[in-house]
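A.B. asks: here is my input, please return the structure:
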Amino acid sequence: MTWTKRRHFAFCKGKSHYISDVPHPIPAPRTSGTTTTTALPLYWVRYGDHGDPNHGDPHHGDPHHGDPPTRPTLIILHGGPGADHRYLLPQLLHLAETYDLLLYDQRGSGQSRAENNAPITWQDHVEDLGKICHEFGIERPSILGYSWGGMLALLYTIQSADHPELPTPSRLVLMSPAPMTKAYRADFDAAMRMRGNTPEIVGERQRLMDSGLRESDPEAYRQRIFELGVAAYFADPSEARDLTPFRVVGRVQQSTWESLGDYNLLPAVKQAQGRLRIPALVVHGRQDPIPSQSSVELARALNTDVIFIDQCGHVPYVEQPAKLWAAIDPFLAATDPLTT
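C.D. replies: Numbers count the residues shown, from 1 in each chain. This is a model prediction of the structure:
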């Protein structure tokens, strides 16, 4: 396993909860702001050309100013719970070549930090997503959810079937979706413990402790600690060096998972999909620590197929981007609301 040090500094606006030292440069968004209709102001960013010659105007195409983009808007939901949108970048900006991307930091995370320690539930996240759709004038949201974000997209879809105030999704892309049942989540936790304690990773951890890097270069030390902390997600642990570092707000993660209880989303997904018939795509890495059967059963509930990516763990946009886009791009092109 070869670990290399590469440094770039990402765009951070104002006081930031983000890690500024990143492996690949992250460009500034086209525009950004905070929501005004959610219970807590949520920080959002937009990337991508509107498909309009006036797109240089920061207010042109901004629904807050009554001018929607001419390209389809794709809402991207980050994982966690309790992480932030930025660790999906810059790799997911591939989609900004074709779509108007809307990303936001979910309640309690990133730049959307809560001022108190009140528990944050899955219902809060669903409510926020619905209000974001209304605030941005999105009547039929196209949603790409990664990891926990995939589960959030499904929870939102389930609720939209019975709550007309929630705009029904027009399509779903579920990339490395979180475990669909509590039992599958237990399998995932066990796999992570095993993969995070291989002789290779344990050896790297000890070498880092003995290196003196903590004193000589604290930034490089923190980056290496992060890489080792997420290495178990990857088929090749050394590829963790290419993932933008992030922090998880532990209390948000804990309270969100606790709110799900002894969950099994599959029956509710099947029932909602039977009524809504939403085009959906499931993508899963062959070496993902999340059990593949979870995504197989999810695809069956959605009446679609799961596309497996070889030599890939939980982070396909870093590990196998070409194969990922070969799966996602045709699906999005075939289901574009502006062309179908």
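
A.B. asks: how about the spatially most central residue of the chain, nearest residue that isn't a chain neighbour?
C.D. replies: The centroid of the chain falls nearest to residue 78 when counting by C-alpha atoms, centre = their mean (2.2 Å). Nearest-residue entry for residue 78: residue 85, 4.7 Å, with adjacent residues in sequence omitted and distances by C-beta to C-beta, 6 or more residues apart in numbering. Glycine gets a C-beta too; all of them are placed from N, C-alpha and C.

A.B. asks: so what's the one you found scoring on pLDDT?
C.D. replies: Taken from the predicted model, the pLDDT recorded for residue 85 is 98.

A.B. asks: next one: residue 117
C.D. replies: In this prediction, residue 117 carries a pLDDT score of 86.

A.B. asks: how close does it get to residue 29?
C.D. replies: When distance is defined by C-beta to C-beta, to the nearest Å, residue 117 is 29 Å away from residue 29.

A.B. asks: hang on, residue 159 packs against residue 125?
C.D. replies: No - between residue 159 and residue 125 there is no contact under C-beta atoms under 8 Å: 10.6 Å.

A.B. asks: those two: who's more crowded?
C.D. replies: When neighbours are counted by other C-beta atoms under 10 Å, residue 159 and residue 125 differ, and residue 125 comes out ahead with 25 against 19.

A.B. asks: secondary structure element holding residue 166?
C.D. replies: Element membership for residue 166 (DSSP states H and E) is empty, with no helix or strand holding it.

A.B. asks: for it, give me its contacts.
C.D. replies: 126, 130, 133, 156, 159, 160 (C-beta atoms under 8 Å, 6 or more residues apart in numbering).

A.B. asks: do the same with residue 178
C.D. replies: When contacts are counted by C-beta under 8 Å, 6+ apart, residue 178 touches 79, 147, 148, 150, 151, 185, 290.

A.B. asks: how about residue 203?
C.D. replies: Residues in contact with residue 203, defined by C-beta under 8 Å, 6+ apart, are absent; none qualify.

A.B. asks: quick one: the helix or strand in which it is found to chain centroid distance?
C.D. replies: Secondary structure here is read from DSSP H and E; on that basis residue 203 sits in helix 199-210. Mean-position distance between helix 199-210 and its chain equals 29 Å (C-alpha atoms, centre = their mean, to the nearest Å).

A.B. asks: could you do stretch 169-182 as well?
C.D. replies: Here stretch 169-182 is found 11 Å from its chain centre; the criterion is C-alpha atoms, centre = their mean.

A.B. asks: alpha carbons of that stretch, as CSV, please.
C.D. replies: Output for stretch 169-182, consisting of C-alpha atoms alone and laid out as CSV, is shown next (Å, rounded to 0.1, in the frame of the first residue of the first chain):
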residue,chain,number,x,y,z
PRO,A,169,-39.2,12.2,-7.5
SER,A,170,-39.1,11.8,-11.2
ARG,A,171,-36.1,9.4,-11.0
LEU,A,172,-33.6,8.0,-8.5
VAL,A,173,-30.0,7.1,-8.8
LEU,A,174,-28.9,5.1,-5.7
MET,A,175,-25.1,4.9,-5.6
SER,A,176,-23.7,2.5,-3.0
PRO,A,177,-27.0,2.8,-1.0
ALA,A,178,-26.8,2.2,2.8
PRO,A,179,-28.0,-1.1,4.2
MET,A,180,-31.7,-1.6,3.7
THR,A,181,-32.3,-3.4,6.9
LYS,A,182,-30.9,-3.3,10.4
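
A.B. asks: mind listing what's buried in it?
C.D. replies: Residues of stretch 169-182 classed as buried under the neighbour-count rule (16 or more other C-beta atoms under 10 Å) are 169-181.

A.B. asks: what's the span of stretch 84-100, first residue to last?
C.D. replies: Start-to-end span of stretch 84-100 (C-alpha to C-alpha, to the nearest Å) is 19 Å.

A.B. asks: picking that back up, with distance to residue 281 and pLDDT added, can I get the contacts of residue 166 in JSON lines?
C.D. replies: Output for the contacts of residue 166, formatted as JSON lines (distance: C-beta to C-beta, whole Å; pLDDT from 0 to 100):
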{"residue": "126", "distance to residue 281": "21", "pLDDT": "98"}
{"residue": "130", "distance to residue 281": "22", "pLDDT": "98"}
{"residue": "133", "distance to residue 281": "20", "pLDDT": "98"}
{"residue": "156", "distance to residue 281": "16", "pLDDT": "98"}
{"residue": "159", "distance to residue 281": "21", "pLDDT": "98"}
{"residue": "160", "distance to residue 281": "18", "pLDDT": "98"}
